[in-house]
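Student: What follows is a predicted structure for the sequence shown.
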Amino acid sequence: MDILGGITAATEGIKLVNELRKIDKEVDKADLKIRLVELADKLLDSKQALLDAQEERRELLLKIENLQEAVKFRAKLQDERGKLYVLNDAGQRDGEPFCNLCFVREDKLYRMRRHTGNEYGDPSYWCSNCRDEYFD
Ligand SMILES: [Zn+2]
């Protein structure tokens, strides 16, 4: 049950309580029992709506926390022509770069491999996931 359903159930329960207050002492006991059962149902619906809302709130808070962590982490990333470096707290590059293309496409970090270059090719970084090569 959603929050609106819970509010509706609580409102109907309050109406029932008000009706019960107005009931004459001479009222039929069977009618009174029916009204109490209706009231219990409305309270149960309200309780379920609150439990559902609590669970949804917990999930949303967890999502917010994860997004805040992701924003903090992304602030520590520095792109240099496709090579994605993670900066430490001092703003210095920390370790070998990751592939920015894969990070954008898959939201995953793949560490790039360094090729030191030789007579056949310049030094470069190579991503084992997308197989793109980035030169210094
Ligand atoms: Zn890649």
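Tutor: Nice, thanks for sending it over. Source: prediction; values computed, not measured.
Student: C-alpha only now, for contacts and for neighbours.
Tutor: Will do.
Student: the helices in the protein, which residues?
Tutor: 3-22, 29-75, 100-106 (DSSP state H).
Student: Quick one, which of those gets closest to the ion.
Tutor: Proximity to the ion (Cα to the ion) singles out helix 100-106 among those, at 4.2 Å.
Student: That closest one and the ion, any residue contact?
Tutor: Yes. Helix 100-106 reaches the ion (Cα under 5 Å from the ion) through Cys102.
Student: Rounded mean pLDDT for that helix, please.
Tutor: Across helix 100-106, the average pLDDT comes to 95.
Student: Stretch 52-70 now?
Tutor: In this model, stretch 52-70 has an average pLDDT of 95.
Student: Show me how far that stretch is from its chain's centre.
Tutor: Centroid separation for stretch 52-70 versus its chain: 5 Å, with Cα atoms, centre = their mean, to the nearest Å.
Student: Same check on stretch 110-121?
Tutor: Its chain's C-alpha centre and that of stretch 110-121 lie 39 Å apart, by Cα atoms, centre = their mean.
Student: tell me which residues of it are tucked away?
Tutor: Tyr110, Arg111, Met112, Arg113, Arg114 (16 or more other Cα atoms under 10 Å).
Student: For the spatially closest residue to the last one that is not a sequence neighbour, which residues are in contact?
Tutor: If I follow you right, that is Arg114. With sequence-adjacent residues excluded and distances taken as Cα to Cα, 6 or more residues apart in numbering, Arg114 is closest to Tyr125, at 4.6 Å. The contact partners of Tyr125, taken as Cα atoms under 8 Å, 6 or more residues apart in numbering, are Lys83, Met112, Arg113, Arg114, His115, Glu133, Tyr134, Phe135, Asp136.
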